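Undergrad: coords please:
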Amino acid sequence: MHRSLLLKLSALGIIVVLFFGIQTVRWSGEKGAKKAHKHFIQYLSDRRWSKCSRMISELYDDQWKFNRNDISLALRDFGRHFYISLSVDWKTMSATKMEGSYAIKGAMKIKGSGSPAADYIIKEARPYLIDSFTFIWSRSGIMPWSWKLEKIKHPSIKVPPGYVPGDQSSSLKW
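TA: Numbering: from 1, shown residues only. Below you'll find the model as predicted:
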């Protein structure tokens, strides 16, 4: 009986090591950053805001002076008007290794429907979508899939004066 238990535990150990070995290869380096980015874009399209928020680093900081909470609320503010559908299409143009992180640069297209503001938002966003976005991703833990969004960069997007993420009265200015 003791030998049987030892064999079962050994088999379980081998399975766990194989699983983590395979996941480490699948989620390593540039492939891992691109895979995390793809998941993030899919969560945006699906309006799964809590999943998006969990993928944002506690150390998030960007050119708009948003922190993790601010960018999470800004994404919700943006998506709130697309209650029927939202489609975020992403085309990666480059992936660049930086110190301990990867910059995923690409073009984004947005389609969707919902409130009357949704069409207005798409129309107003169109000129900004001409320029590429850069998302900075880095690994944040020992798990192979623990990629976190550190920063979003865009050359021309400006935050409207008085906008406070999550404050619905200030988001009407968008």
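
Undergrad: which stretches of the chain form helices?
TA: In the chain, the segments counted as helices under DSSP state H are 2-26, 29-45, 49-54, 68-79, 116-125, 168-171.

Undergrad: could I get those helices as TSV with distance to residue 87 and mean pLDDT?
TA: C-beta coordinates here come from the backbone N, C-alpha and C atoms, glycine included. Written out in TSV, the entries for the helices of the chain read as follows (distance: least, Cβ to Cβ, whole Å; pLDDT from 0 to 100):
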stretch	distance to residue 87	mean pLDDT
helix 2-26	26	71
helix 29-45	5	90
helix 49-54	15	94
helix 68-79	11	94
helix 116-125	10	89
helix 168-171	21	60
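
Undergrad: mean neighbour count added to those helices, as TSV?
TA: TSV is the format used below for those (neighbours: other Cβ atoms under 10 Å):
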stretch	mean neighbour count
helix 2-26	10
helix 29-45	18
helix 49-54	15
helix 68-79	19
helix 116-125	14
helix 168-171	13
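
Undergrad: save those as a markdown table, and put in distance to residue 157 too.
TA: Rendered in a markdown table, the data for these read as follows (distance: least, Cβ to Cβ, whole Å):
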| stretch | distance to residue 157 |
| --- | --- |
| helix 2-26 | 33 |
| helix 29-45 | 16 |
| helix 49-54 | 18 |
| helix 68-79 | 11 |
| helix 116-125 | 9 |
| helix 168-171 | 15 |
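
Undergrad: quick one: pLDDT of the residue nearest to residue 87 when sequence neighbours are not counted?
TA: Sequence neighbours aside, residue 111 is the residue nearest to residue 87 in space, at 4.4 Å (criterion: Cβ to Cβ, 6 or more residues apart in numbering). In this model, residue 111 is scored at 93, pLDDT.

Undergrad: and if you look at the one 4 residues further on?
TA: Among the per-residue scores, residue 115 holds a pLDDT of 89.

Undergrad: so it sits right up against residue 79, yeah?
TA: No. Shown here, residue 115 and residue 79 do not form a contact pair, counting by Cβ atoms under 8 Å, at 11.1 Å.

Undergrad: tell me which residue is most central in this structure.
TA: Relative to the mean C-alpha position of the chain, the nearest C-alpha, by Cα atoms, centre = their mean, is the one of residue 40, at 3.4 Å.
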